[in-house]
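In: Sequence isn't available, so here's the structure alone:
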């Protein structure tokens, strides 16, 4: 994401894992967007696949709008 001049520097005092998700669910209300991500785990035999939650986070609507804008711009350029 592009950093504005008024933003403080980003630090990572503890290593934060980068998690892969195969799906997301969103809950949007007046002030907050909540996101739950999962990885689909296939099962052998006659059992059903399982969607294992691997991440949950929430953000203010203004932050979610910035994220949507960055995604729209990046994906339209073919960025991966």
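Out: Received the coordinates, thanks. What you see is a predicted model; the values in this text were computed from it and never measured.
In: Give me the contacts around stretch 25-35.
Out: 24, 36, 38, 55-61, 63-64 (CB atoms under 8 Å, 6 or more residues apart in numbering). Glycine gets a C-beta too; all of them are placed from N, C-alpha and C.
In: Next secondary structure after the one helix or strand residue 34 maps to?
Out: Using DSSP states H and E, residue 34 sits in strand 32-41. Note on strand 32-41: by DSSP H and E, the next helix or strand toward the C-terminus is strand 50-60.
In: between the helix or strand following that next one and strand 32-41, how many degrees?
Out: Next helix or strand after strand 50-60 toward the C-terminus (DSSP H and E): helix 61-76. Orientation check (axes from the mean of the first three to the mean of the last three CA atoms, to 10 degrees): helix 61-76 against strand 32-41 gives 50 degrees.
In: helices or strands up against helix 61-76?
Out: strand 32-41 (3 or more CB pairs under 8 Å, 6 or more residues apart in numbering; DSSP states H and E).
In: in the strand it packs on, what's buried?
Out: 33, 35-38 (16 or more other CB atoms under 10 Å).
In: Then stretch 57-68?
Out: Quick answer for stretch 57-68 (16+ other CB under 10 Å): residue 64.
In: If you average the pLDDT over it, what comes out?
Out: Taken as a whole, stretch 57-68 carries a mean pLDDT of 96.
In: So what's the gap between that stretch and the chain middle?
Out: 10 Å (CA atoms, centre = their mean, to the nearest Å).
In: which residues touch that stretch?
Out: 1, 28, 30-35.
In: Tell me the one of the residues you listed nearest residue 75?
Out: Nearest to residue 75 among the contacts of stretch 57-68, counting by CB to CB, is residue 1 at 13.5 Å.
In: related to what we said a few turns ago, with pLDDT and distance to residue 46 as added columns, please give the buried residues of strand 32-41 in TSV.
Out: Output for the buried residues of strand 32-41, formatted as TSV (pLDDT from 0 to 100; distance: CB to CB, whole Å):
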residue	pLDDT	distance to residue 46
33	97	37
35	97	32
36	97	27
37	96	27
38	95	22
